[in-house]
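Chemist: predicted model follows, preceded by the sequence.
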Amino acid sequence: MEKLKGLFKKFCTKEVIFYGIFGVLTTLVNVGVFYLLTKFIHLEENLANVIAIIVAILFAYFTNRKMVFNSNASTLKENFHEFVKFIIGRSFTMVVELVGFFLLFNILHIQELISKLTITILVIILNFFISKFFAFKK
């Protein structure tokens, strides 16, 4: 039981908890924008997916920068460098999300929201490690 408590303390840090909270909010932004664009504006699913991802990436940057990873970047150059690394990381996971959604929705014919949610879970996990060890690395 003590080993289990130790593992829990090791992995359930404030950073992980806050990342989870803002990850859920980012996912809601992503899926919400996607839903609004496809159901009310009747935008094609793949284009709606791109727009939803971009909006979610911007939301994630501003919330993760200070609230999750406590960025110490203070100069314009440091902030710009951090933003570029964040965008590079998120661009990578955007490609993962686009390809994953295309495969699940268009090739495997899995319902659009199930496809979207499934690939989003993978992207959240990848984004944590990219943000922690690349974009906001101390």
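Modeler: Looks like it came in fine. What you see is a predicted model, and the numbers here were worked out from it, not measured in a lab.

Chemist: next, give phi and psi for A73.
Modeler: Per-residue torsions, A73: phi -60, psi 130 (degrees, to the nearest 10).

Chemist: go on, F136?
Modeler: Dihedral pair for F136: phi -110, psi 30, per degrees, to the nearest 10.

Chemist: got it, and I110?
Modeler: For I110, the backbone dihedrals (degrees, to the nearest 10) come out as phi -90, psi 140.

Chemist: against K3, how distant is it?
Modeler: Separation of I110 from K3 (Cβ to Cβ, to the nearest Å): 38 Å. In short, each C-beta sits where N, CA and C put it, glycine included.

Chemist: with neighbour numbers in mind, choose between those two.
Modeler: I110 (16 against 7; other Cβ atoms under 10 Å).

Chemist: identify the residues contacting that one.
Modeler: I110 sits next to L104, T118 when contact means Cβ atoms under 8 Å, 6 or more residues apart in numbering.

Chemist: next one: it from L103, what distance?
Modeler: In terms of Cβ to Cβ, I110 sits 9 Å off from L103.

Chemist: likewise F22?
Modeler: Taken as Cβ to Cβ, the span from F22 to L103 is 27 Å.

Chemist: next one: T75
Modeler: 42 Å.

Chemist: Three-state assignment for the residue nearest the centre of the chain, please.
Modeler: By Cα atoms, centre = their mean, the chain has its centre lying nearest to I124, at 4.6 Å. I124 falls in the helix class when you classify it by DSSP: H, G, I helix; E, B strand; the rest coil.

Chemist: let me know the pLDDT of it.
Modeler: pLDDT for I124: 82.

Chemist: the residue lying closest to it once chain neighbours are set aside: helix or strand, and which one exactly?
Modeler: Spatial nearest neighbour of I124, excluding adjacent residues (Cβ to Cβ, 6 or more residues apart in numbering): G23 at 4.7 Å. According to DSSP states H and E, G23 maps onto helix 14-39.

Chemist: count the neighbours of A52 for me.
Modeler: For A52, using other Cβ under 10 Å, the count is 24.
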